[in-house]
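Novice: Need the 3D shape of this:
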Amino acid sequence: MCGIAGVLNLRGEPASQVLLQRMGAALAHRGPDGEGLFVDGPLGFSHRRLSIIDLTSGGHQPMLSSDTRFVLSYNGEIYNFQELRLELEAVGHQFHSRSDTEVLLNALIEWGVDALPRLNGMFAFSFWDKRERVLILGRDRYGIKPLYWTEQNGTLLFGSEVKAILAHPSYRVSLDKEALLEYFTFQNLFTDRTLFEGVRLLPPGSIMRVDADDRTMATSRYWDFCFEEPESPRGQQEYVEEFDRLFQQAVNRQLVSDVDIGAYLSGGLDSGSITALAARQLPYMKTFTAGFDLNSASGVELGYDEREKAEHMSYLFKTEHYEMVLKAGDMERVMPRLTRHLEEPRVGQSYPNFYAAQLAGKFGKVVLSGAGGDELFGGYPWRYYRAVVNDDFEHYIDKYYSFWQRLIPNTAIQQVFKPIWSDVKHVWTRDIFRDVFTVHGNHLARPEDYVNHSLYFESKTFLHGLLVVEDKLSMAHGLETRLPFLDNDLVDFAMRVPVSQKLGNLAEVVRINENEPGDKTEKYYQNTRDGKLLLRNAMRRYVPEEVTSRAKQGFSAPDASWFKGESIDYLRRTVFNDRARMYEFMDRKTIQGLVTQHLNGEKNRRLLIWSLLSFEQWCQTFLP
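Specialist: Just a heads-up that it's a prediction; the model follows:
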């Protein structure tokens, strides 16, 4: 696990070692164990290393091929590297280390970009062919490892984080106003834009090919999600047994390491299942939980602290358990550091994740996480059920788009962004939403098809946002997060599991008469025990019944209460400060009015408030 950065001067000027060192230094937190540079005329790589596999100098990067023609700078882990190594040795490749880096280097030499579908793991890499003068940038299937790039006046800059690009004098920071509109609609970015004007995030499952001689750049996708109903479904027990086999295989694959491995452990099914299986292989495994002080919480937030449930599972699985308690003031305290590392806000209120990674990072370099289980196996039934009966694809888009306007609805966008409206009025966020879908729009005949459509959408957007956050916040502490649910074989299986094995009450929801009087939300849309049926059934042999039957609960602080209580002064100093930087782009009176609705108890706007606080800190941190 590492940090990569690089430069390709398309006009031919030699790459500067001084600037490359500066770009690498901006990523020092990602790789405190080593650094390296490579320069070949206009091309330069800068690398920071976090040693996980083969701790010797044999894993040093950038890594050159034995004939010195090819160079690789890579961030990630390839879990099937030993199998690939055997294949490569069979066709004549020789190895001088035990590292997965050398396997990836030789795989790209042998198979070119056709190597990427063979890789089971997480990665972002830059690969240079000195003879052909071609640069390849690549990113893993799901987008676990980020890779940013920009082209500025004939100079291509790229890196694991935007900070590497900011360290180069060719880039000058300004706000991407269209990205701002996108973020404040979805609390996420569905396109490849970032809040930094001109900086793009290479899409998951994609490669970029750059020819230094003819100065061309082309991006293509080598993999995409495809959830679909099987033509001949099997029985429930067969799915349970196959899931059990693949899940054990996924966890065991991701235990390969030359350093200790820990795990996040909440009170939930996903992290509990991973810990249960991993603890069988790792004696005295360490587990980590972040909880919350609930003295000033109220309502549903009184159940947000999962420490007691996590402690019980730690007792059952015999782990060495550590936990911390977050209080209202911790959000304000961490916001400057969080913003520098996160670089731009994404889904959710991410500061608890920062503290959890900080805790885990004190005890090791690798931690297992349960991310991905919900998106693959139907963990959010109250979302899918809102758009399972539709006239056609466009009707589905209208219904699901309406639900996913998480911060500012369409009716308020023009007023909120009045200071910059002339610059963004051409942006249609419904089109951004619709454009997430590719070939799936013509294959919708049953409610199950629409559910699979929703699973596709959330894996492409919500999950990707979570992965970007997880990478930044773990690597801020020199910590590698591994995600067993995103094992290739397990994902391929999950996409073929019928919806009936994931959701329990789909048939009942389909019969809803949307025109009937009364509120249907409580009855149909809030049964959080109705999802992940296959996972619940399979994991009963490993975790207690109270865990497999427990309602879904996210990892969130009781901020709705804190914003009206202990954090109100911080909120007022930021949002009700007429000189706040965000009001260069947003209408002050409109924003303050929306926040006042939360303070008066009229609307729960905790997500909007968090996003406003984050954006203001972003402006103060990055804008000149």
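Novice: what about the helix or strand encompassing residue 272, distance to the chain center?
Specialist: Residue 272 belongs to helix 269-281 when assigned by DSSP states H and E. Here the centre of mass of C-alpha atoms in helix 269-281, compared against the chain's by Cα atoms, centre = their mean, to the nearest Å, lies 21 Å away.
Novice: quick one: contacts of it?
Specialist: By Cβ atoms under 8 Å, 6 or more residues apart in numbering, the residues outside helix 269-281 that reach it are 247-248, 251-252, 255, 261, 263-266, 285, 287, 313, 316-319, 368-371, 373-374, 379, 484-485, 532, 535-536, 539, 542-543, 547-548, 550. Backbone N, C-alpha and C define where each C-beta goes, glycine included.
Novice: can you check stretch 82-101 too?
Specialist: So stretch 82-101 is in contact with 53-54, 56, 58-59, 61, 63, 66, 72, 74, 77-78, 81, 102-103, 106-107, 109-110, 118-119, 121, 256, going by Cβ under 8 Å, 6+ apart.
Novice: what secondary structure does residue 562 sit in?
Specialist: Following DSSP: H, G, I helix; E, B strand; the rest coil, we place residue 562 in the helix state.
Novice: ok, and the closest non-adjacent residue to residue 314?
Specialist: residue 321 (3.8 Å; Cβ to Cβ, 6 or more residues apart in numbering).
Novice: hmm, back to that, mind giving me the PyMOL command for buried ones among the contacts of helix 269-281?
Specialist: A single PyMOL command selects the buried members of the contacts of helix 269-281 (16 or more other Cβ atoms under 10 Å):
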select buried, resi 247+251+252+255+261+263+264+265+266+285+287+313+316+317+319+368+369+370+371+373+374+379+484+485+532+535+536+539+542+543+547+548+550
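Novice: Among the contacts of helix 269-281, name the ones in strands.
Specialist: Among those, the members found in strands (DSSP state E) are 261, 263-264, 287, 368.
Novice: Closest to residue 191 out of those residues?
Specialist: For these, the residue nearest residue 191 by Cβ to Cβ is residue 264; the value is 29.6 Å.
Novice: quick one: contacts for that closest one?
Specialist: 271, 287-289, 356, 360, 367-370.
Novice: related to what we said a few turns ago, what subset of the contacts of stretch 82-101 is buried?
Specialist: Among the contacts of stretch 82-101, those classed as buried by 16+ other Cβ under 10 Å are 53-54, 59, 61, 63, 72, 74, 77-78, 81, 102-103, 106-107, 109, 119, 121, 256.
Novice: and the host helix or strand of residue 322, C-alpha only, in PDB?
Specialist: Secondary structure assigned from DSSP H and E places residue 322 in strand 320-326. This file holds the C-alpha atoms of strand 320-326, laid out as PDB (Å, rounded to 0.1, in the frame of the first residue of the first chain):
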ATOM      1  CA  GLU A 320      -8.000  -8.000  21.700                       C
ATOM      2  CA  HIS A 321     -10.500  -5.100  21.600                       C
ATOM      3  CA  TYR A 322      -9.900  -1.400  21.700                       C
ATOM      4  CA  GLU A 323     -12.500   1.400  21.600                       C
ATOM      5  CA  MET A 324     -12.900   5.100  21.800                       C
ATOM      6  CA  VAL A 325     -15.800   7.500  22.600                       C
ATOM      7  CA  LEU A 326     -16.500  10.500  20.500                       C
END
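Novice: I'd like to check the angle between it and helix 269-281, please.
Specialist: Calculated by axes from the mean of the first three to the mean of the last three Cα atoms, to 10 degrees, strand 320-326 forms an angle of 150 degrees with helix 269-281.
Novice: residues in contact with strand 320-326?
Specialist: Contact with strand 320-326 is made by 265, 284-293, 307, 310-311, 314, 352, 355-356, 359, 363, 557, as judged by Cβ under 8 Å, 6+ apart.
Novice: how near is the most centrally placed residue in the chain to residue 567?
Specialist: The residue lying closest to the centre of the chain (Cα atoms, centre = their mean) is residue 467, at 1.3 Å. Applying Cβ to Cβ, to the nearest Å, one obtains 28 Å for the distance of residue 467 from residue 567.
Novice: Kindly report the same for residue 92.
Specialist: 62 Å.
Novice: higher neighbour count, these two?
Specialist: Using other Cβ atoms under 10 Å as the criterion, residue 92 and residue 567 rank with residue 567 on top: 22 against 8.
Novice: now the closest residue to that one other than its chain neighbours: how far from residue 595?
Specialist: Spatial nearest neighbour of residue 567, excluding adjacent residues (Cβ to Cβ, 6+ apart): residue 328 at 4.9 Å. Residue 328 is 17 Å from residue 595, where distance means Cβ to Cβ.
Novice: Now do the strands in the stretch 451-600 of the chain.
Specialist: Taking DSSP state E, counting those that start in this stretch, the strands of the stretch 451-600 of the chain run over residues 480-482.
Novice: okay, and for this structure, where does confidence drop off?
Specialist: Residues of the chain that meet the criterion pLDDT under 70 lie in 1, 53-57, 295-303, 439-442, 511-529, 551-561, 564.
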